[in-house]
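> Predicted model and sequence below, questions to follow.
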Amino acid sequence: MKSLILASALVVASTAAHAEGVGGIMSSLKPDASVEYAFNSKAWAGDVGMTASLGSFSLRPAMDWTYSSGNSIAISGSSVKATMPLGGSLSAYSKLSLTSKFKYSDVTVGVAFSF
């Protein structure tokens with residue numbers, strides 16, 4: 001957990017030092033969230049995150065949550081996703097997933113096409 005916080009602080013500090021314009025990294029922060037419902041399991045799920053643009057890269061830390069009837073909302077994990085454009089509407093990404101106790105869960109890499 002300490003290394004995750006330290007790494008985040010380093011990214012923010014180095015980006016703020018090299019930021020262009022008056023707003024710096026604070027002007028590139030965009031909050032976002034998603035919500036979905038699974039019919040078979042009768043459960044809600046979603047995430048809440050913040051995307052920061054760092055030049056051509058984007059970085060998005062997020063907290064994942066779940067809710068099923070009769071239970072309270074539970075934090076099911078977290079993730080950090082980095083995206084880099086490859087050209088046109090194609091981009092490459094890497095996503096680090098953590099458990100609800102902030103332990104390593106998985107790393108995913110891929111490409112995305114937007115239209």
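Yep, that arrived.

> for the chain, what's the longest strand?
Scanning the chain for the strand with the most residues, using DSSP state E, yields strand 74-87.

> Just the residues contacting it, thanks.
45, 47, 56-67, 91-100, 102, 105, 111-112 (CB atoms under 8 Å, 6 or more residues apart in numbering). No exception for glycine: its C-beta is placed from N, CA and C like everyone else's.

> Relative to the helix or strand just after it, what are the paired strands and their orientations?
Sequence-wise, the next helix or strand downstream of strand 74-87 (DSSP states H and E) is strand 90-98. Strand pairing for strand 90-98, using DSSP bridges, gives strand 74-87 (antiparallel), strand 104-113 (antiparallel).

> Okay, buried residues for strand 90-98 please.
By 16 or more other CB atoms under 10 Å, the buried positions in strand 90-98 come out as Ser91, Lys95, Leu96, Leu98.

> was I right about the third one contacting Val107?
Yep, that's Leu96 we're talking about. Yes: using CB atoms under 8 Å, Leu96 is in contact with Val107, at 5.5 Å.

> any weak-confidence spans in the protein?
Scanning the chain for pLDDT under 70 picks out 1-27, 71.

> what's in contact with stretch 47-59?
Taking CB under 8 Å, 6+ apart as the rule, stretch 47-59 contacts 11, 15, 25, 28-34, 60-65, 79-85.

> cool, and stretch 101-115?
So stretch 101-115 is contacted by 1, 4, 77-78, 83, 86, 89-99 (CB under 8 Å, 6+ apart).

> Try it again at 10 Å.
Stretch 101-115 is contacted from outside by 1, 4-5, 75, 77-79, 81-83, 85-86, 88-99, using CB atoms under 10 Å, 6 or more residues apart in numbering.

> roughly how far is stretch 46-57 from the heart of the chain?
Mean-position distance between stretch 46-57 and its chain equals 6 Å (CA atoms, centre = their mean, to the nearest Å).

> List the buried residues of that stretch.
Neighbour-count burial for stretch 46-57 flags Gly46, Asp47, Gly49, Thr51, Ala52, Leu54 (criterion: 16+ other CB under 10 Å).
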